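> Sharing a model prediction with you, sequence too.
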Amino acid sequence: MGICPHGTEIFPANVKAPESEQFGAVRYRNFSNGPGADVFLSQTVLTLGTGPRVERNIVWAESNPFTFSYNAAAGQIMTTVGGQTLMFPTIANSNFDVIQMFIRNRAPAGGQVLVTGLTLNGVPLPGTFTGGTEDTQFDIICDLKDADGNFTLSGTILLIGPQSTSQEASRVEFLVADNFL
């Protein structure tokens, strides 16, 4: 775990890191298992939608463990979910200082999208996180790197009840930024 004088902090926020400070992003979406890709990995939130990016189809279940990680030496971000691993090149040996989490829940009545069980480099982070009909943002603030300059964020996306058939209606995104704070 990086050096955080008061420990890692998670709090609601509303300012997205500027694109010039984003160095990795992942979007998990299409929770009804409809047509279209379900996971995108790219350099920024904007390029998640337009590319360059890598994408993959998976089959969503009620409980979906995931990891979002950074290999400093290789300059690579990665995500694993649903038995699939995606990798995308980014800058090497960066000193990221924030992971921003965005959760949108536009599931039909009785449906929910939650993120729970978060750990950063194996250290549990408190809370279960829910989204609103617009993106609900949480910032995870800390020097994110471990002793080797890497980080791994793990958790579970819980999909309760019915999910929207629109690919983008509900989604979970993470981005990592440097020099944001």
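That came through fine. Numbering: from 1, shown residues only.
> For the rest of this, base every contact and every neighbour count on C-alpha atoms.
Fine.
> residue contacts, Gln137?
Shown in contact with Gln137 (CA atoms under 8 Å, 6 or more residues apart in numbering): 12-14, 100-103.
> OK, contacts around the residue of the chain most remote from its centre?
Distance from the C-alpha centroid of the chain peaks at Ala109, with 24.8 Å (CA atoms, centre = their mean). Counting by CA under 8 Å, 6+ apart, Ala109 makes contact with Pro162.
> element containing it?
Per DSSP states H and E: Ala109 is located in neither a helix nor a strand.
> which residues in the chain form helices?
45-50 (DSSP state H).
> Run through it and note the low-pLDDT ranges.
Along the chain, the parts satisfying pLDDT under 70 run over 1-9, 11, 141-147, 179-181.
> how about the strands in it?
9-13, 22-29, 39-42, 53-56, 63-71, 76-81, 84-89, 98-104, 112-120, 123-124, 129-130, 136-141, 151-160, 171-177 (DSSP state E).
> about what we covered before: need the buried ones from the contacts of Gln137 selected in PyMOL.
To isolate the buried ones among the contacts of Gln137 in PyMOL, judged by 16 or more other CA atoms under 10 Å, type:
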select buried, resi 100+101+102+103
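> Please work out which of the strands of the chain is packed deepest.
Greatest average neighbour count among the strands of the chain goes to strand 39-42 (a mean of 28), per mean count of other CA atoms under 10 Å.
> Need the CA coordinates for that strand. CSV is fine.
Output in CSV follows, covering the C-alpha atoms of strand 39-42 (Å, rounded to 0.1, in the frame of the first residue of the first chain):
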residue,chain,number,x,y,z
VAL,A,39,-16.1,-4.6,-20.9
PHE,A,40,-14.0,-1.9,-22.4
LEU,A,41,-10.4,-1.0,-21.4
SER,A,42,-8.6,2.1,-22.6
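> For it, name the packing helices and strands.
Judged by 3 or more CA pairs under 8 Å, 6 or more residues apart in numbering; DSSP states H and E, strand 39-42 is in contact with strand 22-29, helix 45-50, strand 53-56, strand 84-89.
> Contacts for it, please.
So strand 39-42 is contacted by 24-29, 48, 51-58, 78-79, 86-88 (CA under 8 Å, 6+ apart).
> give me that answer again for 6 Å
24-28, 48, 53-56 (CA atoms under 6 Å, 6 or more residues apart in numbering).
> Check the offset of it from the chain's centre.
The gap between the average C-alpha position of strand 39-42 and the chain average comes to 10 Å, counting by CA atoms, centre = their mean, to the nearest Å.
> Given that strand, what are its sheet partners and their directions?
strand 22-29 (antiparallel), strand 53-56 (antiparallel) (DSSP bridges).
> now the angle between strand 63-71 and the first one, please.
With axes from the mean of the first three to the mean of the last three CA atoms, to 10 degrees as the basis, strand 22-29 and strand 63-71 are set at 160 degrees to each other.
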